[in-house]
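Undergrad: With the input below, show me the fold.
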Amino acid sequence: MTESHGTPHQGGPAPDGEPGYADRVYRSVPGVITGVMMLALAAWLIGDAVLSGTGKTPWVSLAAVPVFGAPVVAYTLRPVVRAKADRLVVVNPWRTITAPWASVDALRAGYSVELLAGGGKYQVWAVPVSLRQRKRAGRQRAENQGEEHASRVGMIFGRQANPVVAGAPDPTKAWSDQVTGVLQEMAERSAGNPEASGPVEVRWCWWLIAPTLVGLAALITVIAV
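TA: Residues are numbered from 1 along each chain as shown. So this is what the prediction gives:
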């Protein structure tokens, strides 16, 4: 898992007197890798079925392309979180949630990361929770308690450490908890910005939903005929 963070704008300080930062982007790299591998395997299998299959097999294989491909893209390649100066954009598999910072009530990480904004609750797919990383973080804190710069020493010389998110309040935590902390701080800091006000907007991803439904209908038709 990784994140890319912004660098200070050259245009001067933000309205609250602190340096302005470019967009922060968070996504699950293992999820992207898994999606690419699944699409490559599917392309090989479907291509072989189309070229070598007999009877209905080529047509069934072609109809199955959007039924399989669109959900894979939706759940692995599409999810991303973009933290902008005035709003938080959460791109989920089938929906995109745009929440101005003033509308964000809280971000919390339990068994999944959730955004509470505008009276609604939305799961943040791009930031999956890893219980293994949380256990690792707990062990590191217990072993290094009282040692100065323990997390840095652990990352370099000790056991494998969790990825560090730039600007995280506690870099020893799991990646998802660090991201949640950064976003929560951004929401609190930007809530008073006049440009960060407005309602929460939710848009459906029809360019993935429509091909999936059409492909499903075509698949059922080909099999039934």
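Undergrad: distance of the nearest residue to residue 46 once chain neighbours are set aside from residue 224?
TA: Spatially, and ignoring its direct neighbours in sequence, residue 46 is nearest to residue 61 (4.8 Å; CB to CB, 6 or more residues apart in numbering). All C-beta spots, glycine's among them, are computed from the backbone N, C-alpha and C. Using CB to CB, to the nearest Å, one gets 16 Å for the distance from residue 61 to residue 224.
Undergrad: before we move on, the earlier item: what comes up buried for the helix or strand where the residue nearest to residue 46 lies?
TA: Using DSSP states H and E, residue 61 sits within helix 57-72. Residues of helix 57-72 classed as buried: 58-70, 72 (neighbour count, 16 or more other CB atoms under 10 Å).
Undergrad: just those residues now: which is nearest residue 216?
TA: residue 67 (5.3 Å; CB to CB).
Undergrad: Redo the buried residues of helix 57-72 as JSON lines? Include pLDDT.
TA: Supplementary listing: the buried residues of helix 57-72 in JSON lines, determined by pLDDT from 0 to 100:
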{"residue": "58", "pLDDT": "95"}
{"residue": "59", "pLDDT": "95"}
{"residue": "60", "pLDDT": "95"}
{"residue": "61", "pLDDT": "95"}
{"residue": "62", "pLDDT": "95"}
{"residue": "63", "pLDDT": "95"}
{"residue": "64", "pLDDT": "95"}
{"residue": "65", "pLDDT": "96"}
{"residue": "66", "pLDDT": "96"}
{"residue": "67", "pLDDT": "96"}
{"residue": "68", "pLDDT": "96"}
{"residue": "69", "pLDDT": "97"}
{"residue": "70", "pLDDT": "97"}
{"residue": "72", "pLDDT": "98"}
